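[1] A structural model of the following input is requested.
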Amino acid sequence: MIRLRHSVMSLHPHIPTTILPKLMVTRLSTELFQDIEHTFATTKLGIDRWYLLTIAALCGGTDPELADQLYLYIIDKPEFQQSTERQTLVRRLREALVKLISIVGVCKPIESIIAIMKVEKEEDRDYSFSRKDWQCDEANHERAMGWMQKLYAQNLGPTLDLFKAHQDFAWISTEITYGLYLSDRQTLDDLDTELIVLVGIMIQNLRLETHWHIRGTRRIGVSKEDVEVIVSCVHKIAGYMGVRLNKIPTVEEVEKDV
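    Take a look at the predicted model:
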């Protein structure tokens, strides 16, 4: 950190020292994003999912406002030099944040989307409204249960039975968490969604539900090795934010339950 401060000052001696901490965060976050991106490239998860993992961890952790730096880092790449490409990107980031509402609550995703909005160019704004026609109907229920069945399989009944004496939680899980949020496929696919959910839960240091969603990620076809990379990336981002993840099961510990 001291070396970085001296490096910034030598390159920009005219910059007031009062704003150096922000410059250092920017430099350090860029290094973090590069690390996650390059680590993800070793997997079979695709080249456009590393930033979904990253925004889920930042938003669910302690730095949801760093979404702006993530956005700026991404749009600096050659493949995002057209406005239409940046609009597609922001739809994916926005949908990740919408889904995270069901995992981390509404306030942190709001912080993230406002941070992105503040650095967007006007011509890059996307004004689509994905859930304007949503209804809590039978189709919503069937869509939710179909996705839950893929993830939970034989564990679905026992998991929902945990809420026999607390039916509000069962209803919210099926109709809202999975119906409204997680089974929506207009923008993000199954793997995108489960990646966001696993990371959003794991970054909160939640043992039981992290187990469920490591298992779920394996059940939709992600290899054990690639799930281990996902988990290692979340640990890196947690370390960057100073978040302690001491309750998280290893992929190996979950494997016998897959």
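[2] Now the phi/psi pair for residue 240, please.
    phi -60, psi -40 (degrees, to the nearest 10).
[3] For it, give its distance to residue 138.
    44 Å (CB to CB, to the nearest Å). Every C-beta, even on glycine, is put in place using the N, C-alpha and C of the backbone.
[4] so where does residue 58 fall, helix or strand?
    Applying DSSP states H and E as the criterion places residue 58 in helix 50-60.
[5] ok, and what's touching that helix?
    33, 36-37, 39-41, 64, 66-67, 70, 74, 92-93, 96-97, 100, 103-104, 108-109, 111-112, 188, 192, 195-196, 199-201, 203-204, 230, 233-234, 237-238, 241 (CB atoms under 8 Å, 6 or more residues apart in numbering).
[6] repeat that with 6 Å
    Residues from elsewhere that reach helix 50-60 (CB atoms under 6 Å, 6 or more residues apart in numbering): 36-37, 40, 66-67, 70, 74, 93, 96, 100, 104, 108-109, 112, 192, 195-196, 199-200, 203-204, 233-234, 237.
[7] So which of residue 240 and residue 138 has more stuff around it?
    The residue with more neighbours, out of residue 240 and residue 138, is residue 240; 21 against 8, by other CB atoms under 10 Å.
[8] Go ahead and confirm the more buried one touches residue 32.
    Yes: if you go by CB atoms under 6 Å, residue 240 and residue 32 touch, sitting 5.2 Å apart.
[9] before we move on, back to that, export the helix holding residue 58 as CSV, just CAs?
    Output of helix 50-60 as CSV, limited to C-alpha atoms (Å, rounded to 0.1, in the frame of the first residue of the first chain):
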residue,chain,number,x,y,z
TRP,A,50,-16.6,-13.5,-14.5
TYR,A,51,-18.2,-10.0,-14.1
LEU,A,52,-21.5,-11.6,-12.9
LEU,A,53,-19.5,-13.3,-10.1
THR,A,54,-17.7,-10.1,-9.3
ILE,A,55,-20.7,-7.8,-9.1
ALA,A,56,-22.6,-10.4,-7.0
ALA,A,57,-19.7,-10.6,-4.5
LEU,A,58,-19.2,-6.8,-4.4
CYS,A,59,-22.9,-6.1,-4.0
GLY,A,60,-23.5,-8.8,-1.4
